[in-house]
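K.L.:
Generate coordinates for the sequence data below:
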Amino acid sequence: MANLKISQLPEVTTAASSANVAIVSGGVTSKITASNLKLEGIRRAEHSVLNLTTSQTVNLSTLVSVHVLLIDNPGLTLTIQFPTSPVEAQVCQFTTVRNTVTLVAGSGTFNPSFAGAPVSGFKATYVYHETDTTWYLIG
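P.N.:
Coordinates of the predicted model:
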């Protein structure tokens with residue numbers, strides 16, 4: 001195969017576990033298998049932390065998947081609005097801490113819904129399935 005620019009290479013959307021990926025580590029170009037590249041040592045995640053003192057609609061971020069909702073006052077009612085233009089397989093998760101809160105699902109279809117009055121420490125993880133425009137509870 002002739003030398004090609006990266007932009008000229010064929011695109012793959014899913015890499016086999018044994019597929020090699022070029023990587024520069026410490027100034028040296030090496031290879032790593034797709035399986036090893038996905039191996040987590042320390043897991044890190046961009047996240048948002050929101051202090052909530054009044055009943056309101058909470059728009060979960062479209063840029064990060066992890067949301068911590070600090071419920072500063074007991075008895076609040078929060079409408080949780082997931083991203084309104086999600087992409088296939090997008091994950092969105094949130095937790096409520098400090099106080100009990102009443103949750104209302106914003107627009108969108110949730111299976112099953114998270115709506116209710118959970119105690120502090122409630123958490124839910126959903127994945128979006130584009131074919132039937134539904135957020136499915138996965139954790």
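K.L.:
Point to the residue nearest the middle of this protein.
P.N.:
Centrality entry for the chain: nearest residue to the mean C-alpha point is Ser65, 2.7 Å, by Cα atoms, centre = their mean.
K.L.:
quick one, what contacts it?
P.N.:
The contact partners of Ser65, by Cβ atoms under 8 Å, 6 or more residues apart in numbering, come to 45-47, 90-93. From N, CA and C alone the C-beta is placed, and that goes for glycine too.
K.L.:
Can you turn the buried part of the residues you listed into a PyMOL selection?
P.N.:
Here is the PyMOL selection string for the buried members of the contacts of Ser65, based on 16 or more other Cβ atoms under 10 Å:
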select buried, resi 90+92+93
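K.L.:
Reformat the contacts of Ser65 as TSV; add secondary structure.
P.N.:
Formatted as TSV, the contacts of Ser65 follow (DSSP: H, G, I helix; E, B strand; the rest coil):
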residue	secondary structure
Ala45	coil
Glu46	coil
His47	strand
Gln90	coil
Val91	strand
Cys92	strand
Gln93	strand
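K.L.:
Quick one: the contacts of Ser65 as JSON lines, columns for pLDDT and distance to Thr29 too.
P.N.:
Converted to JSON lines, these look like this (pLDDT from 0 to 100; distance: Cβ to Cβ, whole Å):
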{"residue": "Ala45", "pLDDT": "92", "distance to Thr29": "28"}
{"residue": "Glu46", "pLDDT": "95", "distance to Thr29": "28"}
{"residue": "His47", "pLDDT": "97", "distance to Thr29": "33"}
{"residue": "Gln90", "pLDDT": "97", "distance to Thr29": "33"}
{"residue": "Val91", "pLDDT": "97", "distance to Thr29": "32"}
{"residue": "Cys92", "pLDDT": "98", "distance to Thr29": "36"}
{"residue": "Gln93", "pLDDT": "98", "distance to Thr29": "36"}
